[in-house]
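Peer 1: 3D model of this:
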Amino acid sequence: MRSLKRYIPDGMQDILFNECDIKNNIENQLRNIFINNGFKQIISPTLEFYDVFNGKNVFIEQEQMYKLFDSSGRILALRPDMTTPIARIVSTKLKNMTYPLKLYYISNIFRVNQSLQGKLSEITQAGVEIIGCNNINADVEAIIIAINTFLSLNVKDFKIEIGESNLFKTIAKDLDLNEEDFDKLKKLIENKNFSILNEFLDSRKKDIKDEHIKLLKKLPELFGGCEVLDKVKELTSNYKVLESLENIKKVYKVLKSIGLDKYLSIDLGMVQNIDYYTGIIFRGYGSGLGKEILTGGRYDNLIGKFGFNTPATGFAININNLMEILRENYTSKNLDFLIHCEERFCIEGYNLCMKIRKSNRICEFSLSCNKEEALKYAKFKHIKYFIYINNKENIEIINVYNNEKFYSKIENFNWEALE
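Peer 2: Here you go, the predicted structure:
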């Protein structure tokens with residue numbers, strides 16, 4: 001068997017310096033945005049007991065989890081999402097707090113993906129959870145924060161799509177379909193595969209009411225502005241369905257009143273993870289990327305799984321997908337100075353280096369063997385100013401970008417004047 005020590009597992013990646021700079025920049029901005037909106041950070045362990053993610057009201061299939069055993073033989077799982085561990089923490093450690101709770105996280109999650117899918121198995125998520133509020137104000141607040149986050153990050157031409165999980169759930173209660181057919185139906189609607197959806201529904205006419213067939217065929221087409229809600233009213237009189245439409249309408253109306261409707265669209269064919277969500281659901285897309293970068297919604301039953309019934313809503317941002325959109329917006333910050341000294345003048349070099357660093361400028365001390373190697377290193381790292389010390393009094397400064405040289409006495413060197 002060949003050694004794999006030079007390789008990494010499928011779905012994993014090494015993130016090198018430039019990508020790290022972009023990722024850290026995005027994470028720092030997200031952290032500031034969340035804090036400025038009144039959220040407090042929470043961190044859960046990377047390893048949880050498998051039972052945390054097993055059972056009802058979870059949307060991660062067990063085949064998607066990385067599982068292992070602890071020393072006592074108990075099954076553990078690398079956390080496949082962050083909301084479920086937060087639900088555990090709220091129920092076991094925070095139930096006596098003053099509500100609503102506003103929590104945020106920036107953490108890695110782990111999901112097994114088929115190798116041919118080309119998806120990452122380790123993803124960094126950033127998200128917020130609003131816990132303990134069961135009215136539309138929390139749903140509106142979550143969507144406003146999502147929109148303002150994209151605006152602050154300068155995500156171009158983004159859209160937040162809004163749906164309602166109970167709309168499809170109401171219809172689903174009357175469907176006499178086995179689990180396999182039900183999952184197929186959800187995927188066809190979610191993927192807007194019109195022709196195959198029509199064939200599928202026509203072949204199940206004996207199992208599904210005519211009214212439901214007409215509505216299910218239309219669901220993938222029902223996206224756009226508020227006008228799509230009126231189209232549903234023409235297809236059904238089911239009061240539960242109409243209640244779901246009214247829920248969307250209320251949220252949309254508030255967001256429109258504060259001028260955010262240009263970032264919104266309604267998608268009534270959004271049926272992903274409907275067993276997990278219990279009301280308003282939404283997801284965000286950016287221009288030029290076919291993958292969603294944000295998913296969220298109301299999940300009023302999840303925390304109750306851990307023994308404390310309280311409503312909640314929130315969203316998660318896929319930072320890896322977000323990086324694909326924002327990569328062009330970021331450039332790594334280059335070092336300002338590189339100081340290279342002849343060996344007997346290292347004390348002068350260290351002293352100058354520490355003074356420059358204290359002024360919040362980026363300064364590196366050269367470890368190269370000679371001036372030529374040090375200058376080559378400065379060019380490679382795009383360091384703007386190369387400082388050469390070969391005596392106790394004077395220094396040579398080279399602008400690496402244009403090769404301009406000038407000289408100064410060490411004690412008179414005004415590095416703060418250099419841009």
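Peer 1: Unless I misread the structure, residue 345 falls within a strand.
Peer 2: No: checked against DSSP: H, G, I helix; E, B strand; the rest coil, residue 345 lies outside a strand; its state is helix.
Peer 1: is it true that it touches residue 391?
Peer 2: Yes: under the criterion of C-beta atoms under 8 Å, residue 345 lies in contact with residue 391, with a separation of 6.7 Å. (C-beta placed from N, C-alpha, C; glycine too.)
Peer 1: In terms of secondary structure, what does the helix or strand harbouring residue 352 contact?
Peer 2: With elements delineated by DSSP states H and E, residue 352 resides in helix 346-358, which encompasses its position. Using 3 or more C-beta pairs under 8 Å, 6 or more residues apart in numbering; DSSP states H and E as the contact criterion, the secondary-structure elements in contact with helix 346-358 are strand 337-341, strand 363-365, strand 385-389.
Peer 1: repeat that with 6 Å
Peer 2: Contacts of helix 346-358 with other secondary structure elements, assessed using 3 or more C-beta pairs under 6 Å, 6 or more residues apart in numbering; DSSP states H and E, are made with strand 337-341, strand 363-365.
Peer 1: Determine which stretch of the ones you listed is the most buried.
Peer 2: Using mean count of other C-beta atoms under 10 Å, the stretch among the helices and strands packed on helix 346-358 with the greatest mean number of neighbours is strand 337-341 (a mean of 23).
Peer 1: Now do the strands in the stretch 201-350 of the chain.
Peer 2: Counting by DSSP state E, counting those that start in this stretch, residue ranges of the strands within the stretch 201-350 of the chain are 223-224, 264-267, 280-285, 294-298, 312-318, 337-341.
Peer 1: for the stretch 101-250 of the chain, what spans make up the helices?
Peer 2: Taking DSSP state H, counting those that start in this stretch as the test, the helices found in the stretch 101-250 of the chain are 136-152, 165-172, 179-190, 194-202, 210-218, 227-233, 239-257.
Peer 1: Point out where the stretch 1-150 of the chain drops to low pLDDT.
Peer 2: Screening the stretch 1-150 of the chain residue by residue with the criterion pLDDT under 70, one finds the ranges 57, 114-117.
Peer 1: that older thread, could you give the angle of the helix holding residue 352 to strand 337-341?
Peer 2: 170 degrees (axes from the mean of the first three to the mean of the last three C-alpha atoms, to 10 degrees).
Peer 1: and the angle from helix 346-358 to strand 385-389?
Peer 2: Relative orientation of helix 346-358 versus strand 385-389 (the same axes, to 10 degrees): 150 degrees.
Peer 1: where does the nearest residue to residue 376 once chain neighbours are set aside land in three-state SS?
Peer 2: The shortest distance from residue 376 to any non-neighbouring residue, by C-beta to C-beta, 6 or more residues apart in numbering, is to residue 368 (8.0 Å). Applying three-state DSSP to residue 368 yields a three-state assignment of coil.
Peer 1: neighbours around residue 368, how many?
Peer 2: When counting by other C-beta atoms under 10 Å, one arrives at 14 neighbours for residue 368.
Peer 1: How about residue 229?
Peer 2: Other residues within reach of residue 229, judged by other C-beta under 10 Å, total 20.
Peer 1: Residue 94 too?
Peer 2: So residue 94, with other C-beta under 10 Å, has 18 neighbours.
Peer 1: What sits closest to it if chain neighbours are left out?
Peer 2: For residue 94, the nearest residue in space outside its immediate sequence neighbours is residue 101; the separation is 6.4 Å by C-beta to C-beta, 6+ apart.
Peer 1: ok, the one you found touching residue 130?
Peer 2: No: using C-beta atoms under 6 Å, residue 101 and residue 130 do not qualify as a contacting pair, with a distance of 7.6 Å.
Peer 1: More neighbours: the two, which one.
Peer 2: Relative neighbour count places residue 130 above the other of residue 101 and residue 130, with 24 against 20, counting by other C-beta under 10 Å.
Peer 1: which residues touch the more buried one?
Peer 2: The neighbourhood of residue 130, defined by C-beta atoms under 6 Å, 6 or more residues apart in numbering, consists of 100, 102, 138, 142, 313-314.
Peer 1: which of the helices of the stretch 101-250 of the chain is buried the deepest?
Peer 2: Of all the helices of the stretch 101-250 of the chain, helix 165-172 carries the top mean neighbour count, a mean of 22, counting by mean count of other C-beta under 10 Å.
Peer 1: between that one and helix 179-190, how many degrees?
Peer 2: 130 degrees.
Peer 1: Kindly export helix 165-172 (C-alpha atoms) in PDB.
Peer 2: Written as PDB, here are the backbone C-alpha positions of helix 165-172 (Å, rounded to 0.1, in the frame of the first residue of the first chain):
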ATOM      1  CA  SER A 165     -41.400  26.000   5.000                       C
ATOM      2  CA  ASN A 166     -45.000  25.500   6.100                       C
ATOM      3  CA  LEU A 167     -46.400  26.000   2.600                       C
ATOM      4  CA  PHE A 168     -44.900  22.800   1.300                       C
ATOM      5  CA  LYS A 169     -45.400  21.000   4.600                       C
ATOM      6  CA  THR A 170     -49.100  21.700   4.500                       C
ATOM      7  CA  ILE A 171     -49.400  20.100   1.000                       C
ATOM      8  CA  ALA A 172     -47.100  17.200   2.000                       C
END
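Peer 1: mean confidence score for it?
Peer 2: Per-residue pLDDT over helix 165-172 has a mean of 86.
Peer 1: what's the answer for stretch 286-295, then?
Peer 2: Confidence for stretch 286-295, expressed as mean pLDDT, is 88.
Peer 1: And for stretch 320-334?
Peer 2: Along stretch 320-334, the predicted local confidence has a mean pLDDT of 84.
Peer 1: number of nearby residues for the residue nearest to residue 287 when sequence neighbours are not counted?
Peer 2: If the residues on either side of it in the chain are set aside, residue 287 comes closest to residue 157, at 3.6 Å by C-beta to C-beta, 6+ apart. Residue neighbour count, defined by other C-beta under 10 Å, stands at 10 for residue 157.
Peer 1: residue contacts, the residue nearest to residue 381 when sequence neighbours are not counted?
Peer 2: The spatial neighbour of residue 381 that comes closest, neighbours along the chain excluded (C-beta to C-beta, 6+ apart), is residue 335 at 6.1 Å. Residues in contact with residue 335 (C-beta under 6 Å, 6+ apart) are 362, 364, 383.
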